[in-house]
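Asker: Return a 3D structure for these sequence lines:
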Amino acid sequence: MIKKLLVLNFTLYILYFTLTTPCLVHAYPPGMQPTAEIGDPTATAGSPTAKAVKGRLVGRISNRTQGGILVPNLEIFLEKYINQNPTEKIKTLTDCDGYFQFVDLPLTPENSYRVSLKYQGVDYSGHPFSFAQGENLKTMEIGVYDATDSPEKIKISMKHIFVDIENNIFKISEAVRLENIGNTTYRGPLRFSLPEGFENLQFERGIDTCCSEIKESGFSENMPFYPGMKEVTYSYQLKYDSSKYLFTPAIDYPTENLDLMIRDLGIKLESKRLVFISAIDMGEKKYLRLSAKALLPNEKVEIKISGLPLGPEGYRVYVLVFAGLIVLLGIVYPFLRKKPVMVSEESRPCAQERDKLRAKSEEKKGVITSEELLKEIAELDDHYAAGEIETGEYEKLRAKKKKILIKLLRHRLVSNKTNNKENEYD
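Answerer: This next block holds a predicted model:
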């Protein structure tokens, strides 16, 4: 009777222990060294002592937010590849102490593996691995972090803005070094605001295009940001149609250093927040460098740019508009003229003869026409845009030709007015 009671008590104890234990029993010592043999690594294929040699992966998951404690009951996946092509995905659970293992792994060189898992909604993975010749055991530790939706620990340690100017376009590249200075993973998204009217956005480094979203105000990246550093580079363009422009770089996160370099084409810069550092020669190009420190999120930063060159397209617009107005006045004027005064028939030949004499006189003097001047100005703009003429000489020559053009157009308007009066008598 006593023996039966002892057996019953022992059975109840085992049942209680099984029901109250939330995870697997710890299977590995702290050094993660397995106690069982996985075959004879020295045996060769076909030898009498050869066993079915297989590999084993032993690992553990530690929570680095909470001082490195191990994470129990977590799903761990092992992705299998043959010649870098995925073939299978198997899973297991960590035990009470955060350990896991995968066994019976082929050791041939074409087989490779990668461990992946998800913790608090964030993906983590280990480095891909394969077994070297004579090796049948791999160990690894993967650190995870508690996750947060707050960006309060995100900062920018350095933001470089590089601006080139060509044909009425700012060509801008930004290189940003972000840091997660906390001990939690930021789920995202990371925001990158851009000036209004940006075009031709290109991601160059550090941005995962599959998980990015472009908006009118800029773009965002929907990827977790683990504790540590992240560097991104991107470029875009801004158009301008005036010699003055207000450039407003956005500040999304606390920024320790902002560095701006802009092409010097005789421009002037004004900013209350940025300080002029120096002029820099980079080959045949010159740049102006400005800098600011300790910028706050959403802080208003403005750089007033004046003296911007208007390239061929900009100048042609102004010239064509001006010429169009002159032509329009020539067309509309006859309908707005005063009632004509009658002149005798004898006076008409005199006017016609005078026109012929004037034309011959201008031809002898080599007077240039307004059409030829417009063509010369356009060619001058093209030479300047190609960098074949210095800014000072270009502006001097253009001002001279523009002055002559205005005189010619005014003269044409007066001539049209006189001819219209004289033609009334025909």
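Asker: pLDDT on the one helix or strand residue 174 maps to, on average?
Answerer: Secondary structure assignment for residue 174, by DSSP states H and E: strand 169-180. Per-residue pLDDT over strand 169-180 has a mean of 96.
Asker: which secondary structure elements does it contact?
Answerer: Contact partners of strand 169-180 among helices and strands, from 3 or more C-beta pairs under 8 Å, 6 or more residues apart in numbering; DSSP states H and E: strand 154-166, strand 228-239. Bear in mind the C-beta positions are built from the backbone N, C-alpha and C, glycine included.
Asker: Tell me which of those lies nearest to residue 295.
Answerer: strand 154-166 (8.4 Å; C-beta to C-beta).
Asker: relative orientation of the closest one and strand 169-180 in degrees?
Answerer: Relative orientation of strand 154-166 versus strand 169-180 (axes from the mean of the first three to the mean of the last three C-alpha atoms, to 10 degrees): 170 degrees.
Asker: Would you mark the buried spots in strand 154-166?
Answerer: For strand 154-166, the neighbour count (16 or more other C-beta atoms under 10 Å) marks 154, 155, 156, 159, 161, 162, 163, 164, 165 as buried.
Asker: Phi and psi next, for residue 391.
Answerer: Per-residue torsions, residue 391: phi -60, psi -40 (degrees, to the nearest 10).
Asker: Make sure it is actually in contact with residue 307.
Answerer: No - the criterion here is C-beta atoms under 8 Å, and residue 391 misses it with residue 307 at 9.6 Å.
Asker: okay, and the common contacts of the two?
Answerer: Common neighbours of residue 391 and residue 307, counting by C-beta atoms under 8 Å, 6 or more residues apart in numbering, are 265, 266.
Asker: Redo the buried residues of strand 154-166 as a markdown table? Include pLDDT and distance to residue 177.
Answerer: As requested, the buried residues of strand 154-166 are exported to a markdown table (pLDDT from 0 to 100; distance: C-beta to C-beta, whole Å):
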| residue | pLDDT | distance to residue 177 |
| --- | --- | --- |
| 154 | 97 | 12 |
| 155 | 97 | 10 |
| 156 | 97 | 7 |
| 159 | 97 | 8 |
| 161 | 97 | 13 |
| 162 | 97 | 15 |
| 163 | 96 | 19 |
| 164 | 95 | 22 |
| 165 | 95 | 25 |
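Asker: Residue 256: neighbour count?
Answerer: 15 (other C-beta atoms under 10 Å).
Asker: what helix or strand is it on?
Answerer: Per DSSP H and E: strand 255-263 holds residue 256.
Asker: about what we covered before: the helix or strand just after the strand holding residue 174 - contacts with which helices or strands?
Answerer: Toward the C-terminal end, the helix or strand that comes next after strand 169-180 (DSSP H and E) is strand 185-186. Strand 185-186 sits against strand 147-148, with contacts defined as 3+ C-beta pairs under 8 Å, 6+ apart.
Asker: What distance do you get for residue 77 to residue 111?
Answerer: Separation of residue 77 from residue 111 (C-beta to C-beta, to the nearest Å) stands at 16 Å.
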